[in-house]
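> Quick one, structure for this:
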Amino acid sequence: MLQSPHPLADAVVAICGVIYFSAWSLSFYPQLILNYRRKTTTGLSPDFIYLNPIGFLALTIWSWGAYFSPLARTQYAARHNGHAPQIAVADLAFSLHALVISSITLLQVFYYAYRNRNHTETDNDNVSERTRLIPLPHELDGASKSSAPSSSTRPSIPCQIAIAGIVIAGLISGASVWAGRTEWLDWLYFASSVKLFVTLIKYVPQVILNTHLRSIEGFAIENILLDLTGSIFSFAQLVIASVFIEQDPSGIIANPAKLGLSLIALSFDLVFIVQNYWLYPGKRIEGVV
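Okay, the predicted model is just below:
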């Protein structure tokens, strides 16, 4: 059995993979649990919830395609001096797990919206005033209903346009590959760029909603702390694997999904931490904002 020329780097990469996979995977569960406990998803941006599964579907396509497709790996090697794509087993497991859990969270939005619509009176008796973010219509006391935060399950118009644009762009990119104008690897790169685009925009509606409500109630901060941990170790794994194992620093940029996902998530995580611990610490919404 051949011994790796970089046993220490291999070990560090493996450890980083375990840590970031565990942190990022666990980061989905606080939101699921919070939604279950509150029996509502109000305070959680519908745009964020719709875009999340789309982004992780794109990440799954990129990761699994670049890792398992012989054609994609051959095309990658031709462009990067014979090197292999910097896709770890942890990337495969995380992307698929994230797709499943983010889809379940989306289903929660529909379930609790349906449940609360059809059992308003029962919920009003069983759910305390402090666990609801949106007052019931008869509780507005003459205040403008339009000033209450929306509990709609429908994404905003800009979000709908973004989703339609992603679908259309995906079809065009796929047609280009089918026509032989671009390579299969290019379509996988397109999928990775979709994930970057979604990651870049999906947090913005939640940041705006938190600012409007002057609270992050409904959005689990534990999610952010775990996400921050995962971002740091995912970036570290990519750098170590590219620089010290493959000895190809260009491999960092050649994996735009992992690089961008780590840096963008890290940036927004810091924004949410500032909102939670400095701007709106302990603040909960009891009425109309």
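
> Give me the residue at the spatial middle of the protein.
residue 52 (4.8 Å; CA atoms, centre = their mean).

> Let me know the pLDDT of the residue lying closest to that residue once chain neighbours are set aside.
Computed as CB to CB, 6 or more residues apart in numbering, the closest residue to residue 52 that is not its neighbour in sequence is residue 102, at 4.2 Å. In short, each C-beta sits where N, CA and C put it, glycine included. pLDDT recorded at residue 102 is 96.

> ok so, going back, what helices and strands are in contact with the strand or helix carrying the residue nearest to the centre of the chain?
Residue 52 is located in helix 46-68, with elements delineated by DSSP states H and E. Other elements packing on helix 46-68 under the criterion 3 or more CB pairs under 8 Å, 6 or more residues apart in numbering; DSSP states H and E are helix 70-79, helix 89-118, helix 157-178, helix 184-213, helix 256-274.

> Spit out the contact partners of the residue nearest to the centre of the chain.
Each residue near residue 52 by CB atoms under 8 Å, 6 or more residues apart in numbering is listed here: 102, 105-106, 198, 202.

> worst-scoring helix or strand of this protein, pLDDT-wise?
helix 120-126 (a mean of 51; mean pLDDT, DSSP states H and E).

> wait, which of the helices and strands packed on helix 46-68 is closest to residue 39?
Taking CB to CB, helix 89-118 is the member of the helices and strands packed on helix 46-68 nearest to residue 39, at 6.1 Å.

> Tell me what angle that closest one forms with helix 256-274.
Our comparison of helix 89-118 with helix 256-274, counting by axes from the mean of the first three to the mean of the last three CA atoms, to 10 degrees, yields an angle of 50 degrees.

> Buried residues in helix 89-118, which are they?
For helix 89-118, the neighbour count (16 or more other CB atoms under 10 Å) marks 90-92, 94-99, 101-102, 105-106, 108-109, 112-113, 116 as buried.

> Stretch 264-280 now?
Along stretch 264-280, these residues count as buried under the neighbour rule (16+ other CB under 10 Å): 264-266, 268-269, 271-272, 275-276, 280.

> average pLDDT for that stretch?
pLDDT averaged over stretch 264-280 gives 93.

> can you tell which of the helices and strands packed on helix 46-68 is closest to residue 31?
helix 89-118 (6.1 Å).

> and the closest residue to residue 209 other than its chain neighbours, how many neighbours does it have?
Distance criterion CB to CB, 6+ apart; nearest residue to residue 209, sequence neighbours excluded, is residue 45 at 4.9 Å. By the measure other CB atoms under 10 Å, the count of residues near residue 45 is 24.

> cool, residue 9 as well?
Neighbour tally, residue 9, other CB under 10 Å: 16.

> where does the stretch 151-289 of the chain dip in pLDDT?
Within the stretch 151-289 of the chain, the segments meeting pLDDT under 70 span 151-152, 283-289.

> can you give me the angle the helix or strand harbouring residue 24 makes with helix 89-118?
Using DSSP H and E, residue 24 maps to helix 7-26. Computed by the same axes, to 10 degrees, the angle separating helix 7-26 from helix 89-118 equals 10 degrees.

> quick one: buried residues of the following helix or strand past helix 7-26?
Remark: after helix 7-26, the chain's next helix or strand is helix 29-38, criterion DSSP H and E. Of the residues in helix 29-38, 30-32, 34-35, 38 count as buried by neighbour count, 16+ other CB under 10 Å.

> Could you do stretch 68-78 as well?
Applying a neighbour-count criterion of 16+ other CB under 10 Å, one finds 69, 72-73, 75-76 buried in stretch 68-78.

> That one: how far from the chain's middle?
Centroid separation for stretch 68-78 versus its chain: 27 Å, with CA atoms, centre = their mean, to the nearest Å.

> Then stretch 251-267?
Distance of stretch 251-267 from the chain centroid (CA atoms, centre = their mean) equals 13 Å.

> Would you mind listing the buried residues in that stretch?
Under the neighbour-count criterion of 16+ other CB under 10 Å, stretch 251-267 has 251-252, 254-255, 257-262, 264-266 buried.

> Looking at the residues you listed, spot the one nearest residue 162.
Distance to residue 162 across these (CB to CB) is lowest for residue 264, with 15.6 Å.

> residues in contact with the nearest residue to residue 231 once chain neighbours are set aside?
Nearest non-adjacent residue to residue 231, counting by CB to CB, 6+ apart: residue 266, 4.2 Å away. By CB under 8 Å, 6+ apart, the contact list for residue 266 reads 228, 231-232, 235.
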